[in-house]
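**Q** Provide a 3D model corresponding to the input given below.
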Amino acid sequence: MATSAKTPFSHYQNGKYGTLPGNPGNNSEVTQDMHLKMSKKIAQLTKVIYALNTKNDEHEAVVQTLKEQHEEQIQQLLSETREKILKIKQKIDNDSDHKHTISNLQNCVAEHEKHKKEALSKFEGYKRQTEERENKLKTEHSQKYLELSQEVLAAKRHFEEQLSKFELWRKEADSEKEKALEEQKQIHTKEMDELRDFFRSQNNDWLNECAKIEDKYKAELEGLRAQSETLNSEKQKLTEDYESKLAKAKAFYEKELEVLRNAKDSSVEDVVNRYKQEQEKLKKDFLSQQKELKLQIERLVNELSVSEENTDKLRKELDSLRDGMKDKDATSSGLFQQLQQVRVEAADASKRLKELQSELVATKERCSQQAEDLNRKSVHIGQLEGTVVQKTSKIKELEDEIRKLKDRLSWLESERKSLENQKESLSESQQSQLKSLERSLEDLSIEKQTMMTRLEKEIQSLKEKSATRERELTEQHTSQVQQLNQAHSQSLEMTKKKADDQLTQTKEEMLKKYHEDVERLNKDKSSLLDEFERTKQELHNKLAAAEAEVQRLEKIVKDSESGLGSASSQINSLKDASHRLKSELEKTREELRTSKTNAANLKVELDKLQNLYDAKMIEAQAELKTKLEKLSVDLESKWSETLKKETMELRRDLTHQKEEEKKAALQQLSRLKDEEIAASKRGWENIVNELQRQVNELKSKLNNAETVSAGELERLQREAAEEKRRLEERMAQAAEEFAQEVAAIEAKHAAELQALIKQKEEEIQEMESSLKTKHMQDIQTSLTAHRAALDGQKLEGERLRQQALEEQKTAHQQQLEKTKEELHERHMTHVTEITESHQQQLEAARLELERAVEISHQRDRDHCMQIEELKAEITQRERHIKNFQEEIQKLKNNIDKLTRELEQKAKEMLKVRNDANLQIKKKEEVLHKRHLQEIENIKQDFSRESESMMSEFTEAQEILKDKISELQIMLEEAEEKYNNRDSRPEDLELIQQLRDAISEREGRMKQLIDEKRYYQLELVNRETNFNKVFNNTTNVGVINPLANKKPKKGEKPPVSKHSSQPSLGTNRLDPLPNSPMHHEALNPSKPLPSFTKKFVK
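**A** Purely as a prediction, here's the structure:
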């Protein structure tokens, strides 16, 4: 019986402690626990290593993608540089084409000079032809004179009858000639009076118009100055309102930010306090439950002494599994919930920030609307000022520059205020930036003062120039009027030689003017080309500087990309920002190209207008020459034709034709002048309107670009601030998680150390106390597991926590009841065995103590190894933490650097854009001024040329009048010469013979008349003298009445004097020619034939 009782007890002891060789599996079971723990640790370490490896792979993938993107960007930059090189080559080709066109123009100018020389040679040939023609006319005149002399010789016989007629006709012609001369003198005096009145009225009209224009522009200037003052006051009011609204918005925004920060801090503190309170409550609950469980354990210690090993194994397995699962669930669920809460809070904060940003956007839109209203008003002012003279336009442009500078200064002052408000929270680098901004503000203020002084000086100089210009114009006007009067008075007194001298002088002056105009145009052309090349060089330099700046930014971004690991999103955002900046740069370049093309188009238009002006001048000169030639040819032909006709018809035709031509020429000239002036005015007005429209469009484009760039800069700043805040939140979350993990590991490590120390002391003291302490440690581990589970359930939610606690309680109670039943059954079965094996237990106690000591030593070694491993893990984690902190610090530094660089680049971009806008505006102003100056020069040249043409026309008219008067005088002199010409000896002999014949005939006529009278008296006194006839003294008459009376002795025949009139019957008329009333016997000589008077041509 003793042996049978001993065997089960020894078997139990051997199965329990595993010292016997019959049950070698007990030692392996003890090492399996250690292996399980080690495997868990190794699994955790492998997971950590896997996570780190995956993170490293992700970082390597990100770095690879960044490298690929960097290479793509390099390829894009290379392609862009190629395109730029091609464009530059195209520009060089265009420049070569421009030079070719310039050479062509120079060749054209040389050809024009050749044509001019040819025209002068033709004119000289024409002069020679005219001189030859005059010589021919002289020869023809001499021939005709000879013919006339021959006709006079043929008409000798009929000259007697025509002498009286000729004398009568001469008297009539003299009277008519005197009348016509008096009429011409009256007409000439009337025309002179009309011209004098016309010039006086024209001078008065010019003076009145000048006075009206001065009054008109004085009123407009005063109105515009008043408008500018009102607009300045409105602008000051608007700026004050804008600054007050900005100050209010800033104060409101800062208050709301403080409220949000306070609310955030208070909410975080409330959450922490709530969590602490819940933790304390749970601790209290766990302590109460622990006390209850300890009481229950003390009650059941005696009952559970048999089944400790099985329960220990099961509980250890359960505890290990639960610890692994619940630690993971607790950590992941707690972190997830914390992340959700933080995300909710961040979403609320972002919503508030978005609301504030929307309000800020609304305020900015209002400000932009106000700015647009101001721009509209400025555009309206510009349109009103477009009608004013060049002085007012310059003043307006200077005022616009002052406004822009004031706006820029106000913006910089607002930025300075905001930067001063944020100065306390900024780092040393940002303070240095603030100092640089303050320096730039001081420089800008100095620039403002210099600009104001310069603008005032320019305004004063413009006023002085305008006054001097007005004085010069008045003096020129008076001098021109005096010159015209002098020229008019001199032209009346000038002779043909002076007229020729004036013609030569005018030709030389026209040539000089032409050469001066050509030189001036060449100079203007060269200056424009120089300006174009200079502007092109400046723009190339600016483009090169901008490209170098972009390359430097890209290098900085690449350097920052090499240090960035987990900030790939930030890098992408910065790349997007850099792409946007590049797009803005391209936009600005395109705007510069468009401005270049506009300048080139304006230059081409100016060249076209200059060419049109030159062509018109050439056409006008050619027309003048043709008109003068036509007039000369017509006058010569008319004079050659009219000299063949009668003098009266010639004079009437000349006067009529002269008046008609004068009227038609004046009308045509006035009409052409009015049409040309109207066309030029319309063209210049259209050009000015187009230029103003282009300037307004460029201004609107620049304003839009400024608003867009400002909006994009604000958006980039907001994104950078959000990225910074998000990274700070992530860092805080990571730090909190790491602190929680470290605290949990330290707590676990401390608890395990305390448990091991207690277990070691209790196992050394006694086996029973070791069993109790082991049981208590197991319970504590289960409690820690339950606590971890409860912590995870607490983080998941209070409702789930309560349910989990109830479920765990019920499960624990069920397990306890099951264990109780099993233990009760085992206890009932083994009570007999315990009583029988009591002695064996006492014997085995010693062996168990020895084995327990060995086990304790082994556990100590295991614990030391675990402690070393944990220390190594702690050191590794600390290293990782330090590395992460260093990386986070580097990321922060990189972020700060990038933000600074972005701000600097944004400022540089703004400066570059402002400089480009200022340069574009300056170029526009210079071109506009130059254009206006050219317009004024063209107008002045046109007025001068029109005046010169009028003066030439008047001089030509006067020359023609002088020619007419000279020809009239020459005609009168020719008539007088013809009338008073010296007779030839042949003619004198013929005249003498004719006079002798006439005297003989007169003597015969006297005889006949005497005889006739005698016979008539005889017939009358026949009756009375009949007795006398038949007296002794007969006195018989002559039978033959035709017989000549014999002269008495001593008497001479009557000698007739050489006179053209008969001696008898002076009061009687001569018989008419061709009258048949005379008998041939009485009038044997034939009468003279009737012929017309012929004059020498």
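**Q** What is the neighbour count of residue 625?
**A** Neighbour count for residue 625, taken as other C-beta atoms under 10 Å: 14. (C-beta placed from N, C-alpha, C; glycine too.)
**Q** counting contacts, what elements does the one helix or strand it maps to pack onto?
**A** Assigned by DSSP states H and E, residue 625 falls within helix 568-642. Helices and strands touching helix 568-642, as assessed by 3 or more C-beta pairs under 8 Å, 6 or more residues apart in numbering; DSSP states H and E, comprise helix 25-154, helix 496-563, helix 647-765, helix 838-979.
**Q** pLDDT of stretch 116-135, averaged?
**A** What stretch 116-135 shows for mean pLDDT is 81.
**Q** swap that for stretch 954-970, please
**A** What stretch 954-970 shows for mean pLDDT is 82.
**Q** cool, and stretch 170-182?
**A** pLDDT averaged over stretch 170-182 gives 79.
**Q** What of stretch 926-933?
**A** 82.
**Q** Show me which residues of that stretch are buried.
**A** For stretch 926-933, a neighbour-count test (16 or more other C-beta atoms under 10 Å) marks 927-928, 930-932 as buried.
**Q** and if you look at stretch 56-74?
**A** 62, 66, 70, 73.
**Q** Likewise for stretch 704-716?
**A** Quick answer for stretch 704-716 (16+ other C-beta under 10 Å): 705, 707, 709, 712-713, 716.
**Q** coming back round to it: tell me which two of the buried residues of stretch 926-933 sit farthest apart.
**A** 927 and 932 (9.6 Å; C-beta to C-beta).
**Q** rewinding a little: residue 286 is nearest to which of the helices and strands packed on helix 568-642?
**A** Closest among the helices and strands packed on helix 568-642, using C-beta to C-beta: helix 647-765, at 13.5 Å.
**Q** could you say what helices and strands that closest one packs with?
**A** Checked by 3+ C-beta pairs under 8 Å, 6+ apart, helix 647-765 has helix 159-304, helix 308-385, helix 568-642, helix 767-796, helix 838-979 packed alongside it.
**Q** switch to 10 Å and redo it
**A** The helices and strands touching helix 647-765, judged by 3 or more C-beta pairs under 10 Å, 6 or more residues apart in numbering; DSSP states H and E, are helix 159-304, helix 308-385, helix 390-421, helix 568-642, helix 767-796, helix 838-979.
**Q** quick one, the last one and helix 159-304 angle?
**A** With axes from the mean of the first three to the mean of the last three C-alpha atoms, to 10 degrees defining the directions, helix 838-979 sits at 180 degrees from helix 159-304.
**Q** Give the other helices and strands that the helix or strand that contains residue 1010 contacts.
**A** When elements are assigned from DSSP H and E, residue 1010 belongs to helix 985-1020. Secondary-structure packing of helix 985-1020 (3+ C-beta pairs under 10 Å, 6+ apart): helix 25-154, helix 159-304.
**Q** by contact count, what packs against the last one?
**A** Okay, so that is helix 159-304. Checked by 3+ C-beta pairs under 10 Å, 6+ apart, helix 159-304 has helix 308-385, helix 390-421, helix 428-493, helix 647-765, helix 767-796, helix 798-836, helix 838-979, helix 985-1020 packed alongside it.
**Q** Of those, which stretch is the most buried?
**A** helix 767-796 (a mean of 19; mean count of other C-beta atoms under 10 Å).
**Q** Below-threshold pLDDT in the stretch 951-1097 of the chain: ranges please.
**A** 1021-1097 (pLDDT under 70).
**Q** Any figure for the gap between residue 699 and residue 603?
**A** According to C-beta to C-beta, to the nearest Å, residue 699 and residue 603 sit 21 Å apart.
**Q** now do residue 81
**A** 29 Å.
**Q** of the two, who's got more company?
**A** More crowded of residue 81 and residue 603, by other C-beta under 10 Å: residue 603, with 17 against 11.
**Q** Leaving out chain neighbours, which residue sits closest to that one?
**A** residue 528 (6.2 Å; C-beta to C-beta, 6 or more residues apart in numbering).
**Q** what about the one you found, how many residues close to it?
**A** 16.
**Q** what do you get for residue 590?
**A** Neighbour count for residue 590, taken as other C-beta under 10 Å: 10.
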